[in-house]
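> Sequence and predicted structure are below.
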Amino acid sequence: MTTELFDLGGRIALVTGASRGIGEEIAKLLAAQGAHVIVTSRKLEGCEAVVETIKAAGGSAEALGCHVGNMEDIERTFAYIRKQFGRLDILVNNAAANPYFGNVLDTDLAAYQKTVDVNIRGYFFMSVQGGKLMREAGKGVIVNTASIGGLQPGIGQGIYSITKAAVINMTKVFAKECAQFGIRCNALLPGLTKTKFAGALFEHEEIYKAAISMIPMQRHAEPQEMAGTVLYLVSDASSYTNGECIVVDGGLTI
């Protein structure tokens with residue numbers, strides 16, 4: 001028996017940080033379920049490659065360069081969406097920055113600023129701009145990619161963990177204040193996932209082995225294993241799910 005709960009046909013979705021990793025897999029899955037996906041990232045070339053893959057599989061997508069750490073890029077992106085589509089049904093804030101790996105006491109201002117600008121300011125104003133479009137339509141869904149580091153700080157990931165804790169609370173703020181406009185907001189909290197973004201963890205053998213030893217499933221995740229949760233959160237299957245932060249970590253935080 002099939003279900004239409006996960007059908008995204010006719011919906012406009014924007015996925016940030018979608019040129020690779022978790023964002024790429026989210027974009028491909030949403031397109032496979034019928035959404036027209038606007039694939040964004042700092043590097044347009046990577047987005048175009050993802051769009052080609054989506055189209056080859058019969059999906060609908062387009063590439064758009066957008067650095068969420070740049071306010072002008074955010075404004076330009078939403079001006080385009082408003083002009084081209086007049087609405088936005090789904091926003092997935094997935095782009096993130098983690099330029100520094102090491103003891104928190106050695107964090108420099110540049111690393112701090114970049115991480116905060118992308119992970120907090122970027123998510124916030126993407127949600128504000130997307131939320132305004134959704135408010136006009138009377139409906140919409142926002143999903144933020146946070147991290148289990150926002151619950152339990154990762155070793156050598158001090159400022160990153162701090163920003164992801166902020167994303168968790170930001171998710172709840174938007175969920176509480178925007179539900180009256182028909183907007184739901186939830187978050188995905190990935191555990192150890194094999195991506196280029198998380199490369200530092202995989203390169204430090206002792207840290208990697210220590211992490212794996214604490215995961216009941218005794219392995220790391222692949223990016224595609226995160227996309228299904230996002231599909232649930234943006235679909236009608238989660239129509240009464242709001243303000244939730246879903247942990248997908250193989251049991252690490254048990």
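Okay, I see it.

> in the stretch 101-250 of the chain, what spans have low per-residue confidence?
For the stretch 101-250 of the chain, applying pLDDT under 70 flags the ranges 195-204.

> can you pull the contacts of Val68?
Neighbour list for Val68: Thr16, Gly17, Ile74, Asn93, Ala95, Val118, Gly122, Tyr123, Met126 [criterion: Cβ atoms under 8 Å, 6 or more residues apart in numbering]. Just so you know, the C-beta spots here come from the backbone N, C-alpha and C atoms, and that holds for glycine as well.

> And what about the nearest residue to Met214 once chain neighbours are set aside, helix, strand or coil?
Leaving aside its sequence neighbours, Met214 sits nearest to Leu252 (Cβ to Cβ, 6 or more residues apart in numbering; 5.6 Å). Secondary structure state of Leu252, per DSSP: H, G, I helix; E, B strand; the rest coil, is coil.

> can you put the contacts of Val68 in JSON lines and add distance to Tyr112 and secondary structure?
Formatted as JSON lines, those follow (distance: Cβ to Cβ, whole Å; DSSP: H, G, I helix; E, B strand; the rest coil):
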{"residue": "Thr16", "distance to Tyr112": "21", "secondary structure": "coil"}
{"residue": "Gly17", "distance to Tyr112": "20", "secondary structure": "coil"}
{"residue": "Ile74", "distance to Tyr112": "20", "secondary structure": "helix"}
{"residue": "Asn93", "distance to Tyr112": "20", "secondary structure": "strand"}
{"residue": "Ala95", "distance to Tyr112": "18", "secondary structure": "coil"}
{"residue": "Val118", "distance to Tyr112": "12", "secondary structure": "helix"}
{"residue": "Gly122", "distance to Tyr112": "15", "secondary structure": "helix"}
{"residue": "Tyr123", "distance to Tyr112": "16", "secondary structure": "helix"}
{"residue": "Met126", "distance to Tyr112": "20", "secondary structure": "helix"}
